[in-house]
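Novice: here are the coordinates; sequence isn't available:
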Ligand SMILES: O=P(O)(O)OC[C@H]1O[C@H](OP(=O)(O)OP(=O)(O)O)[C@H](O)[C@@H]1O
Ligand SMILES: [Mg+2]
């Protein structure tokens, strides 16, 4: 952890599924959406859950890289959104962009510029990036690092007595 005072928020698969489904419920009344654009890689899982719950069959991705573990670099677009989604948007299609979280908002800013009329949703939001997101479920403090289920494993912890079990 880069900052020793940083709080951590570990999220299990079960909780992430519940929170992603809660996001789908929130979005259900704002649709219907014609396509979902997942921001890879973190947006892939919530986008799949939202697409299933809202019965959206057109699922596209944009690959954006902005962190090496906990250190943010500039945003690099590694894979662009495909042309048919831009066509759909031009013809008035409703596009939903999904990511796992917004932190500084830098990734959201870059992707929003690609599809200005799209609805941008994340499962979690930190205060700095919150204004970039149209719909999110849970706000966490700026000094919290969210550990997603794909970054975690079940591990041994020693007894509180400090002895060996
Ligand atoms: O609001 P920001 O400060 O831009 O941070 C949020 C972005 O950072 C993480 O992605 P990352 O770039 O780590 O790539 P990954 O999704 O492939 O892990 C996360 O999945 C968001 O996309
Ligand atoms: Mg990401």
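Specialist: Done, it's in. The structure presented is a predicted model; accordingly, all values stated were derived computationally and were not measured. Residues are numbered from 1 along each chain as shown. Ligands and ions are numbered 1, 2, ... in the order given.
Novice: from here on, just use CA atoms for contacts and neighbour counts.
Specialist: Noted.
Novice: where does residue 77 land in three-state SS?
Specialist: With DSSP: H, G, I helix; E, B strand; the rest coil as the basis, residue 77 sits in strand.
Novice: show me the contacts for it.
Specialist: 62, 63, 64, 65 (Cα atoms under 8 Å, 6 or more residues apart in numbering).
Novice: go with 10 Å
Specialist: Counting by Cα atoms under 10 Å, 6 or more residues apart in numbering, residue 77 touches 62, 63, 64, 65, 66, 107, 110, 111.
Novice: how is the first one assigned, secondary-structure-wise?
Specialist: Taking three-state DSSP as the rule, one finds residue 62 in the strand state.
Novice: in CSV, list the contacts of residue 77 along with distance to residue 10.
Specialist: What follows is the contacts of residue 77, written out as CSV (distance: Cα to Cα, whole Å):
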residue, distance to residue 10
62, 26
63, 24
64, 23
65, 22
66, 21
107, 22
110, 27
111, 26
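Novice: ok, and of these, which contact ligand 1?
Specialist: Counting by Cα under 6 Å from any ligand atom, 64, 65, 66, 107 from the contacts of residue 77 sit close to ligand 1.
Novice: ok, and for the helix or strand containing residue 19, which residues are buried?
Specialist: Per DSSP states H and E: residue 19 is located in helix 13-28. By 16 or more other Cα atoms under 10 Å, the buried positions in helix 13-28 come out as 16, 17, 19, 20, 21, 22, 23, 24, 27.
Novice: farthest pair in the ones next to ligand 1 among the contacts of residue 77?
Specialist: Using Cα to Cα, the ones next to ligand 1 among the contacts of residue 77 reach their maximum pairwise distance at 65 and 107, which is 8.1 Å.
Novice: out of these two, which sits in the busier spot?
Specialist: Regarding residue 65 and residue 107, a neighbour count based on other Cα atoms under 10 Å identifies residue 107 as having more, with 22 against 18.
Novice: what about the residue lying closest to that one once chain neighbours are set aside, neighbour count?
Specialist: Among residues not flanking residue 107 along the chain, residue 75 sits closest, at 6.4 Å (Cα to Cα, 6 or more residues apart in numbering). Residue 75 has 16 neighbouring residues, counting by other Cα under 10 Å.
Novice: picking up where we left off before, any idea which of the ones next to ligand 1 among the contacts of residue 77 the model trusts least?
Specialist: For the ones next to ligand 1 among the contacts of residue 77, the weakest pLDDT value sits at residue 66, with 81.
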